[in-house]
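Trainee: Below are the sequence and a predicted model; questions follow.
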Amino acid sequence: MQTPIRIMPHHFVDIVRAHFPTAQTPPPSPLGHDVHRVAEKLLHDKNTLLQVAIGSDDICIPCTHFVGGRCDSTIDTTFRKGAPPSMHDYNLLIDHRWCRRLNLSEGDRLTGRQFCERLQDDGGNMASIYPETPAATRTQWVEQIRAGIAAYLA
Ligand code: SF4
């Protein structure tokens, strides 16, 4: 049995939005995190096993912002008005929203394809997941996520 990739729901959604529409693996980030490795694995194998993580995940482990077991980065609260200034706290907030929306709990295991199918069924309305993000950005994300899901499940 394959070892699952621990992933926070919002990180999976970010990968769907940014990398599935073109099926292109991103270059390694200067921050050192593992988005490129996880995206590559998901694009290469739609049955890649994932495990829902809350607070941090396997993408975070090599990141320069992963300090003492949590993200030490910050949120631009002039852009995301009302969001907590700590990225760790913000990630907890949006991942609990995603879990409620997609009926997921920490530790649940599902494949990349199954995660995408849940997003396809229930992911559409971004307003209640990202109310702190400007509406124009959310509208753009909905289109990108739809394109990513369609490309991945085709
Ligand atoms: S530690 Fe923070 S900045 Fe780095 S990958 Fe994780 S959430 Fe992103």
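Mentor: Yep, it's here.

Trainee: all contacts plus neighbour counts: C-alpha atoms, from now on.
Mentor: Fine.

Trainee: If you count neighbours, what's buried in the longest helix that the chain contains?
Mentor: As assigned by DSSP state H, the longest helix anywhere in the chain is helix 135-153. For helix 135-153, a neighbour-count test (16 or more other CA atoms under 10 Å) marks 138, 141-142, 144-150, 152 as buried.

Trainee: Could I get the residues you listed in a markdown table, plus columns for distance to the ligand and pLDDT?
Mentor: Formatted as a markdown table, these follow (distance: CA to the nearest ligand atom, whole Å; pLDDT from 0 to 100):
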| residue | distance to the ligand | pLDDT |
| --- | --- | --- |
| R138 | 19 | 94 |
| W141 | 18 | 93 |
| V142 | 21 | 92 |
| Q144 | 20 | 94 |
| I145 | 19 | 94 |
| R146 | 23 | 93 |
| A147 | 23 | 95 |
| G148 | 20 | 96 |
| I149 | 22 | 95 |
| A150 | 25 | 95 |
| Y152 | 23 | 96 |
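
Trainee: For the residue lying closest to M126 once chain neighbours are set aside, which residues are in contact?
Mentor: Among residues not flanking M126 along the chain, R138 sits closest, at 6.2 Å (CA to CA, 6 or more residues apart in numbering). Residues counted as contacts of R138 (CA atoms under 8 Å, 6 or more residues apart in numbering) are 126-127, 130.

Trainee: before we move on, what SS does the nearest residue to F79 once chain neighbours are set aside have?
Mentor: Distances taken as CA to CA, 6+ apart put T133 closest to F79, at 6.9 Å, once the chain neighbours are dropped. Following DSSP: H, G, I helix; E, B strand; the rest coil, we place T133 in the coil state.
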